[in-house]
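Sequence plus predicted model, see below.
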Amino acid sequence: MKFSPGKGVFSRTGGKDSSLTLSRHSSGFDQFCTVLQKSQDLSILDMSGASQANISFITDYGHKISSDDIVGTMSECFGKDFLESQQAASNAQRFLDQTLTFPDASFDGILAWDALQFLTSPLLDDTVKQLFRVLRPGGQMLAFFNATEKATQIPVYSYRIQDRKTLLQTPRAGTPNQRSQYLDYRRLEKLFERASSIKFFLTRDNLRELIVRR
């Protein structure tokens, strides 16, 4: 589905059907914004689905933004259990056919958020290849991964930008928590071996942040 145009503190948002929103500091996103601030007329891909907050934030810097709701596509293709259902070749191919269908070298930056942690090999590796295909040389990608080896389930969030250092994570309506997989530093380095550089950011919560540069 596509459209164009630190340690968290929990707070309640909404009314009768209020949902739990997590406000968290992100050093990785802060560094991503440094490039936005220093450059002009970039093209950015937001993989958390269309959001007015994210659109406004990126366009206020003078850049263009496109959206690909990759987690929404996972829900459509895999159902309730992302990790198990994607092992069926037909489901995996359906997912690949519906995501990242952009021309080569379309984007200067990609906000992958935590979407990649819900994919397993070989689909994870195939999706990363597609990300490198649509990312221009020298472009950067921000990605989050579960950093808790003993976690059994992890929530599925939508990501909304509050400011360059603060993100709002809201549980996605109708999407159950997912079984957790843990990728250590060595596996992440192998996953992004095509990158010209990878920078890891230390956090105080359960997400590991990466800036990957093509």
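Here it is on my side, so go on.

so where does residue 139 fall, helix or strand?
Assigned by DSSP states H and E, residue 139 belongs to strand 135-146.

The next helix or strand along the chain from that strand packs against which elements?
Counting by DSSP H and E, the next helix or strand C-terminal to strand 135-146 is strand 153-154. If you count contacts as 3 or more C-beta pairs under 8 Å, 6 or more residues apart in numbering; DSSP states H and E, strand 153-154 packs onto strand 178-179. The way it works is simple: take the backbone N, C-alpha and C, and place the C-beta from them, glycine included.

Would you mark the buried spots in the following helix or strand past the strand it packs on?
Toward the C-terminus, strand 178-179 is succeeded by helix 185-191 as the next helix or strand (DSSP H and E). Across helix 185-191, burial judged by 16 or more other C-beta atoms under 10 Å covers 188, 191.

just stretch 50-63 next, same as before
50-51, 54-55, 57-58, 61, 63.

Tell me the pLDDT of the residue nearest to residue 40 when sequence neighbours are not counted.
Spatial nearest neighbour of residue 40, excluding adjacent residues (C-beta to C-beta, 6 or more residues apart in numbering): residue 62 at 6.1 Å. Here the pLDDT value assigned to residue 62 is 96.

With residue 25 as the reference, measure out to residue 62.
Using C-beta to C-beta, to the nearest Å, residue 62 is found at 25 Å from residue 25.

picking up where we left off before, what's the strand holding residue 139 in contact with?
28-29, 32, 35, 105-114, 116-117, 131, 154, 180-183, 188, 196, 206-214 (C-beta atoms under 8 Å, 6 or more residues apart in numbering).

got the CA coordinates for that strand in CSV?
The C-alpha atoms that make up strand 135-146 are tabulated as CSV, following Å, rounded to 0.1, in the frame of the first residue of the first chain:
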residue,chain,number,x,y,z
LEU,A,135,18.0,3.4,-2.4
ARG,A,136,20.3,5.7,-4.2
PRO,A,137,24.1,5.4,-3.8
GLY,A,138,25.1,7.3,-0.7
GLY,A,139,21.5,7.1,0.6
GLN,A,140,20.7,6.2,4.2
MET,A,141,18.2,3.8,5.9
LEU,A,142,17.1,3.9,9.5
ALA,A,143,16.0,0.5,10.9
PHE,A,144,15.1,-0.8,14.4
PHE,A,145,15.5,-4.4,15.6
ASN,A,146,14.5,-6.2,18.8
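
For that strand, what does the pLDDT average out to?
So the average pLDDT for strand 135-146 ends up being 96.

again, but for stretch 160-168
Per-residue pLDDT over stretch 160-168 has a mean of 96.

What residues sit buried inside that stretch?
For stretch 160-168, by 16+ other C-beta under 10 Å, it's 160-161, 164, 166-168.

Secondary structure for the residues you listed - can I get that in a markdown table?
Formatted as a markdown table, those follow (DSSP: H, G, I helix; E, B strand; the rest coil):
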| residue | secondary structure |
| --- | --- |
| 160 | strand |
| 161 | strand |
| 164 | coil |
| 166 | strand |
| 167 | strand |
| 168 | strand |
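
wait, which of those is closest to residue 202?
residue 167 (16.5 Å; C-beta to C-beta).

wait, what's in contact with the closest residue to the closest one other than its chain neighbours?
Distance criterion C-beta to C-beta, 6+ apart; nearest residue to residue 167, sequence neighbours excluded, is residue 26 at 5.1 Å. Residue 26 is in contact with 6, 165-167, 209, counting by C-beta under 8 Å, 6+ apart.

Sweet, I'm off.
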